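Undergrad: Build me a model:
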Amino acid sequence: MSASVLSTEEHGVLRITIDRQARMNAIDLATMTELCDLVTAAATTPSVRVIVLTGAGAAFCTGADLAAASAAGGNEASPEVVMDRANDLIRAIVDSPLPVIAQVNGPAAGVGTSIALAADLIYAAEDAYLLLPFTSIGLMPDGGATAVVAAAMGRARAAEFALLGARLPATEAAAAGLITRAIPSEELGAHIETVAAKLAAGPRRALQLTKAALNAATLAELDAALAREKTGQSELLTSADFLEGMTAMLTRRAPRFDGAVHPITDPA
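TA: Just a heads-up that it's a prediction; the model follows:
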């Protein structure tokens, strides 16, 4: 366990907390790897019956740590490696035989939104919000968001959320069916404890099969979406638009995209 991720187990509940508060819990490659390893290992740990994912401090997870990647210069991992690691984490959450609860204590943005939505139950503080800011920096949603968001909200609402990149308050996300429920922030922790305790005391195999059946019925396109996102994002991460978008974000100015026309490629 590193300083970036905290892990505690009590009464069958494994609580995994992203703790990069100085970066609003934005995650780097090492953090994604550690989260994936913890979720994967929990599946074969007999004492663990439920996983709770949350963030320390004021945020759940505000996406990939672009500032850290920029500071790494030419030493950062390739786009393909980053996408593979993110996809591995999403698949670990979705494929886990254990119920996974996302405790969205604050903002969830970028891949942070994808991590939250990969969980089986998503409870958010009423003052939290979800955000897919990808297009504002020349990227596309990833972490399975193109499948999970559309499956939950429908194509029209998903397109507005993903293309415009506007904040979606937790109360609106709950009303749209994107998350399970929005709860007053002072009640969120107690609610999570109650739900986790009930699941931990439940029939493990029945819960596993129920989760698998629900995912099979609603997320049949997840693998294809992850593959499309990897291909598209790997291209975009090396584009002039992304360089401009990231530079604008880091220098706190509006981006100036060149409007160049690129060939249409087969999304499959």
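
Undergrad: what separates the helix or strand harbouring residue 188 from the chain centre, distance-wise?
TA: For residue 188, the host element (DSSP states H and E) is helix 185-200. Taking the mean of its C-alpha atoms, helix 185-200 sits 20 Å from the chain's own mean (Cα atoms, centre = their mean, to the nearest Å).

Undergrad: what residues does that helix touch?
TA: 11-13, 49-50, 52, 54, 99, 101, 103, 105, 121, 123-128, 183, 207 (Cβ atoms under 8 Å, 6 or more residues apart in numbering). Backbone N, C-alpha and C define where each C-beta goes, glycine included.

Undergrad: Which of these fall in helices?
TA: Secondary structure from DSSP state H places residue 207 of the contacts of helix 185-200 in helices.

Undergrad: Got a quick PyMOL command for the buried subset of the contacts of helix 185-200?
TA: In PyMOL, this line selects whichever of these come out buried by 16 or more other Cβ atoms under 10 Å:
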select buried, resi 12+13+49+50+52+54+99+101+103+105+121+123+124+125+126+128+183+207
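
Undergrad: I'd like the list of the contacts of helix 185-200 that fall within strands, please.
TA: 13, 50, 52, 54, 101, 103, 121, 123-125, 183 (DSSP state E).

Undergrad: Residue 7 in helix, strand or coil?
TA: strand (DSSP: H, G, I helix; E, B strand; the rest coil).

Undergrad: any chance you could map the helices in the protein?
TA: Going by DSSP H, the chain shows helices at 29-42, 66-71, 79-95, 111-118, 145-153, 155-164, 170-175, 185-200, 204-218, 222-236, 240-250.

Undergrad: what sits up against the fourth one?
TA: Read it as helix 111-118. By Cβ under 8 Å, 6+ apart, helix 111-118 touches 25-27, 35, 53, 55, 59-64, 86, 89-90, 93-94, 100, 102, 104, 108, 122, 124, 130-132, 141-145, 148-149, 152, 178-179.
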